[in-house]
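Colleague: generate coordinates for the sequence data below:
(one chain, ligands or ions: 3)
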Amino acid sequence: MKNIFLVGMPSSGKSTLGKRLARHLAYRFVDTDKLIVREENGRSINAIFQSDGEPYFREVESRVLHTIQPNSRLVVATGGGMPCFFENMAFIKANGFSIFLDVSPEHLLDRMLRHAQDDRPLFNRQDPTLLKNLRQKYNDRRIYYTQADLIVPGEIAVEELSKQIEGYL
Ligand SMILES: Nc1ncnc2c1ncn2[C@@H]1O[C@H](COP(=O)(O)OP(=O)(O)O)[C@@H](O)[C@H]1O
Ligand SMILES: O=C(O)C1=C[C@@H](OP(=O)(O)O)[C@@H](O)[C@H](O)C1
Ligand SMILES: [Mg+2]
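Modeller: Ligands and ions are numbered 1, 2, ... in the order given. Below you'll find the model as predicted:
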């Protein structure tokens, strides 16, 4: 039973859809951001970025990814930047079936502005250049995200997604 990795921009729905998909397939669910917080004794993602900076965060992120064993019947919601650092995308591809949830920067902005609890260190909801930042990151990161085995729109229903992947698992 191959693992399933969800990749894509922050707010593309990896954590939300990932939980639903896991329930639907009777897989376990993990969110790599949650694994990082656990590894850091409960420090939040924001706190890690603030006190130790992004390079430190990326090291921990990659370490946590490499603890995932192949064929563990897991749905893994990755952090938005994870596939874009080190050889993380190659690891993801070697250890499961990967899905890119593709959501446009405009829709991401809309979601971020709507959900006040979703503050992320690299994407500040108060920042007037947030859309520009999202477009830039989306363009820079697509080269990694599009290496996924399957690309689907972020709005996809869990039943439809399950149908599309059943032959691959
Ligand atoms: N398909 C969807 N349509 C609209 N909003 C969504 C959808 N999926 C998730 N959201 C909302 O967008 C926000 C970010 O979702 P989340 O699953 O945390 O994304 P990610 O893990 O990719 O950063 C959440 O507040 C969530 O409720
Ligand atoms: O895009 C990024 O670089 C990040 C996305 C976040 O995860 P989500 O994609 O789940 O928001 C989290 O890992 C951290 O804030 C960095
Ligand atoms: Mg998430």
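Colleague: list the strands paired with the lengthiest strand in the chain, with their directions.
Modeller: Identified as the longest strand of the chain according to DSSP state E is strand 97-102. Strand 97-102 sits in its sheet next to strand 4-7 (parallel), strand 150-153 (parallel), going by DSSP bridges.
Colleague: just the ones you listed: most buried one?
Modeller: When the strands paired with strand 97-102 are scored by mean count of other CB atoms under 10 Å, the highest mean neighbour count falls to strand 4-7 (a mean of 28). Every C-beta, even on glycine, is put in place using the N, C-alpha and C of the backbone.
Colleague: so how far is residue 109 from the residue of the chain positioned farthest from its centre?
Modeller: Going by CA atoms, centre = their mean, the residue of the chain most distant from its centre is residue 128, 24.2 Å out. Separation of residue 128 from residue 109 (CB to CB, to the nearest Å): 11 Å.
Colleague: next: residue 28.
Modeller: For residue 28, the distance to residue 109 - CB to CB - is 32 Å.
Colleague: out of the two, which sits in the more crowded spot?
Modeller: Neighbours per residue (other CB atoms under 10 Å) separate residue 28 from residue 109, with residue 109 holding more: 18 against 12.
Colleague: so is that one in a helix, a strand, or just coil?
Modeller: State at residue 109, reduced to three classes by DSSP: H, G, I helix; E, B strand; the rest coil: helix.
Colleague: need the contact list for the closest residue to it other than its chain neighbours.
Modeller: Nearest non-adjacent residue to residue 109, counting by CB to CB, 6 or more residues apart in numbering: residue 131, 5.0 Å away. Shown in contact with residue 131 (CB atoms under 8 Å, 6 or more residues apart in numbering): 105-106, 109.
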